[in-house]
Structures are given as C-alpha cells and as structure tokens.
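Chemist: Below are the sequence and a predicted model; questions follow.
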Amino acid sequence: MLLAIDTSAGTSVAVVDYDRGILAEYSSDDTRRHAEVIGELIAACLEGSGIAVAELSGVVAGMGPGPFTGLRVGIAAARAFAFGAGKVVVPIVSHDAIAFGIVEPLMVATDARRSEVYWSSYAGVDEVGLPIRTAGPALARALELSALVSAQGRPRLIEASTVSAAALGMLAESLHANGRAFATDQPLYLRSPDVTISAGPKRVTG
C-alpha cells in the first residue's frame with residue numbers, strides 16, 4: 001500500500017495497492033499552487049481511501065523532470081510525510097509513470113517553461129510490462145520537439161500537462177513486485193533554479 005505524490009506538472013496525490021489497484025486519487029492542474037494544495041490532497045486521499053497511515057508501506061515521490069519550484073514541493077512533502085510516519089521514500093521518474101502501460105514506442109514531453117520542454121523516449125515495454133526508457137529525461141527548446149520526434153523514429157508523442165500519482169504509485173508497486181530498481185533519490189530539475197543565492201555580500205562603493 002503506497003501513498004504517491006507528484007508535483008512535476010500540476011499536483012497529484014494517490015493511494016494505491018498492487019492487488020486492489022487505485023484506492024483514491026486527487027489532483028489539481030494548477031502549476032502555481034503546489035504548496036497551497038498538497039496538504040489538502042494528501043488528507044483527502046487518506047480519507048477517501050479509508051487507509052490509515054500505519055497501513056502504508058511507503059511514500060512514492062515523483063522525481064521529475066520538473067521546474068524547480070513546483071517539483072521540490074512534492075519531494076519535500078513525500079520526504080516529510082515518510083519521516084513522520086516512519087515509512088520509506090520510493091523515488092520514481094515522473095515521465096516513466098506517463099509511459100507506464102503503453103506498449104508502443106513513445107516520446108513523452110512535459111512543460112519546462114521558458115519555451116522549453118522536458119522529454120523522454122521509450123521503446124515500449126519489457127516482458128513484465130514495465131516501460132523501457134531509451135533516452136532522457138532531457139531538456140530542449142519547444143520548437144525542437146518535432147525534430148526530436150523525427151530523430152527518434154517518429155514514435156507516438158504524448159505532450160502531458162499532468163502526471164498521475166496513481167500511475168506513479170502503480171509503477172512503483174510493479175517495480176517492487178518484479179524485483180526492479182527504483183530511481184535514484186535525486187530530483188531531476190535539469191537546470192538551475194530561476195532564483196539563486198548570492199555567494200556573498202554585494203560590494204559597496206562610495
């Protein structure tokens with residue numbers, strides 16, 4: 001039983017179980033209010049699923065790719081919830097959740113802002129139905145996406161505006177059930193944040 005959280009695009013939270021499937025999922029497609037809605041969605045999922053925190057095996061965190069400000073909210077929420085509940089954090093690449101269950105060659109693209117996109121390509125699924133990522137996640141100019149699709153052999157293109165936490169959680173369940181590795185515990189920002197901290201005080205001249 002897993003609580004899954006993704007804020008790489010909008011905000012999505014779900015409670016899933018390998019045998020019982022999706023028990024609850026609540027989402028917001030607002031890409032600016034991750035911090036405001038994340039707590040409400042977690043509470044709604046736990047109430048809607050009827051699952052107590054003690055019944056959870058872990059917390060799935062969508063690791064992106066995604067813009068710095070939004071993505072870090074979901075990862076921080078997953079880590080904080082897991083720490084408080086005494087559960088493990090399960091990191092999963094968000095693009096892999098979009099590709100999960102699609103058997104044909106595929107390219108996934110999500111909004112990176114600044115007229116850029118994050119993209120990953122997939123060669124379908126393996127023998128147990130898990131997505132085979134062949135390139136990415138990577139960052140490119142939005143105008144270059146068509147050329148990237150051509151370079152990858154013109155696979156089906158999914159330009160996703162949200163990432164389903166339910167798909168993220170079920171992918172984690174399937175990886176665990178088949179003895180496969182999870183992602184690394186490193187957020188996939190793929191570029192520096194918009195705001196950086198100065199290395200030191202400004203020099204003042206008279």
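Modeler: Cool, the structure landed. Residues are numbered from 1 along each chain as shown.

Chemist: Pull out the buried residues from stretch 157-166.
Modeler: For stretch 157-166, burial by neighbour count (16 or more other CB atoms under 10 Å) applies to 157, 160, 162-166. Heads up, the C-betas are built off the backbone N, CA and C, glycines and all.

Chemist: just for this structure, where's the confidence low?
Modeler: 192-206 (pLDDT under 70).

Chemist: Which parts of the protein are strands?
Modeler: Under the criterion DSSP state E, the chain contains strands at 2-6, 11-17, 21-28, 58-62, 88-92, 106-113, 116-125, 131-141, 156-160.

Chemist: Export only the CA atoms of the fourth one, formatted as CSV.
Modeler: Listed next in CSV are the C-alpha coordinates belonging to strand 58-62 (Å, rounded to 0.1, in the frame of the first residue of the first chain):
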residue,chain,number,x,y,z
GLY,A,58,5.9,3.7,1.8
VAL,A,59,5.6,7.0,0.1
VAL,A,60,6.3,7.4,-3.6
ALA,A,61,7.9,10.7,-4.8
GLY,A,62,7.8,11.8,-8.4
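
Chemist: Tell me what angle that strand forms with strand 11-17.
Modeler: Relative orientation of strand 58-62 and strand 11-17, computed by axes from the mean of the first three to the mean of the last three CA atoms, to 10 degrees: 140 degrees.

Chemist: In JSON lines: the strands of the chain, plus distance to Ala76.
Modeler: Putting these into JSON lines (distance: least, CB to CB, whole Å) gives the following:
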{"stretch": "strand 2-6", "distance to Ala76": "10"}
{"stretch": "strand 11-17", "distance to Ala76": "13"}
{"stretch": "strand 21-28", "distance to Ala76": "17"}
{"stretch": "strand 58-62", "distance to Ala76": "9"}
{"stretch": "strand 88-92", "distance to Ala76": "11"}
{"stretch": "strand 106-113", "distance to Ala76": "20"}
{"stretch": "strand 116-125", "distance to Ala76": "20"}
{"stretch": "strand 131-141", "distance to Ala76": "20"}
{"stretch": "strand 156-160", "distance to Ala76": "23"}
